[in-house]
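K.L.:
what's the 3D shape of this:
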Amino acid sequence: MPAARPTTLRPAQVRVRIPRRGRTVALATGLALSSALGLAACGATAPDETDGTGGATEAASPAASGFPLDLENCGVPVELEAAPERVVTIKSSATEMVLALGAGDRLVGHAFPDAPVPAELLDGGTEPPLLSEKVPSAEVVLETEPDLVYAGWESNLTAEAGGDRATLAGLGVATYVSPSACKDPAHRPERLTFDEVAAEIREAGALLGVPEAAERLVTQQQEVLDGIEPDGRGLTALWYSSGTDVPYVGAGIGAPQMLMDAVGLENIAAGVEDTWTPFSWEQVAEDDPDVIVLVDSAWNSAEAKRELLATSPATAELSAVRAERYLVVPFPATEAGVRNAAAAADLADQLAVLEVG
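P.N.:
Down below sits the predicted model:
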């Protein structure tokens, strides 16, 4: 695995922070202002020994090492002066990252879950408060008095959604977006790899002040990846995420492509330079993939997709549909995060027992 993205440390700067109780009112005024680049402060914790999933076996406590920290995230400079004590996450990938790094005791709320939080990441504890089934409003986020908001998508942090990044920074709330989800191609990986996932784990560890936990997690994930034996049959596959009239599929540069590469599947949409993309059933029928990967989400289950494929005239005669050659992957594993390695191993196991031909 490569070393973490380089960070530049600068002397701590004096800042005026708006008291937490005044942030909701201040945001209502701030959202009306034009966007401006802001800097924020946050911090971290150092967990004790981890369990097998990377989560801490004992509660993490804030630590000061590694701060001040200066990094760039999706083109936005972020300065962190102290460890965050109150963290909000938006999307399962962000929530699970914080939990896997042993900082779950600092989660004051999570939102937009794609699936239930895995029990092994909770380590016998309770799930953090659910703020919203979808993207929460900025007011809801600020009611938790956060120091850090960690989002899976850039679209989770807008004036209409969880809060504009510049405005939140002006209120003393740091923000971070999964680098693989940066909208500007200049700030996201040209093609997601497990090395890039490891880099995000390390960067999240730096944000939370738990670099040792991040290194342990990276090592655990690499051990899982080292045990995967790619399928050598040259099978083609469709990664079916959502959509009925127009399928929304895994394309050639995101986590779906990374996972298919890991298990030896040839993605029929690999030529599209995007993470996910609208496709066409006509093209799917022409390619007639050997295998269909079904994404299982809270709002669109794998079983519902199976029923649609079996009953739609556009797909019922596909070889994979008639033979029921399906692989299933949970939605949180389809985005860069701590589930990727385990998902690749599980897909490889599913594929190994699948008869084709």
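K.L.:
look at residue 160 and report its pLDDT.
P.N.:
Per-residue confidence (pLDDT) for residue 160: 89.
K.L.:
from here on, call the first residue 683.
P.N.:
Understood, numbering begins at 683; the last thing we discussed is residue 842.
K.L.:
that one: neighbour count?
P.N.:
Using other Cβ atoms under 10 Å, the number of residues around residue 842 comes to 11. The way it works is simple: take the backbone N, C-alpha and C, and place the C-beta from them, glycine included.
K.L.:
just the element for it, please.
P.N.:
Of the helices and strands defined by DSSP states H and E, none includes residue 842.
K.L.:
from residue 820, how far out is it?
P.N.:
According to Cβ to Cβ, to the nearest Å, residue 842 stands 9 Å off from residue 820.
K.L.:
now swap in residue 858 and tell me
P.N.:
From residue 858 to residue 820 the distance is 16 Å (Cβ to Cβ).
K.L.:
ditto for residue 923
P.N.:
Per Cβ to Cβ, residue 923 is found 28 Å from residue 820.
K.L.:
what do you get for residue 963?
P.N.:
Computed as Cβ to Cβ, the residue 963 to residue 820 distance reads 39 Å.
K.L.:
mind checking which of the two has more residues around it?
P.N.:
Shown here are residue 963 and residue 820; by other Cβ under 10 Å, residue 820 has more neighbours (27 against 18).
K.L.:
the closest residue to the more buried one other than its chain neighbours: what secondary structure?
P.N.:
Nearest residue to residue 820 in three dimensions, chain neighbours excluded: residue 845, at 3.6 Å (Cβ to Cβ, 6 or more residues apart in numbering). Under DSSP: H, G, I helix; E, B strand; the rest coil, residue 845 falls in the coil class.
K.L.:
next, residue 765: phi, psi?
P.N.:
When read as degrees, to the nearest 10, the backbone of residue 765 gives phi -70, psi 130.
K.L.:
isn't it up against residue 751?
P.N.:
No - with contacts counted by Cβ atoms under 8 Å, residue 765 stays clear of residue 751, the gap being 10.0 Å.
K.L.:
looking at these two, which is more packed in?
P.N.:
Between residue 765 and residue 751, residue 765 has the larger neighbour count (other Cβ under 10 Å), namely 28 against 23.
K.L.:
for residue 946, give its distance to residue 972.
P.N.:
Taking Cβ to Cβ, one finds residue 946 at 12 Å from residue 972.
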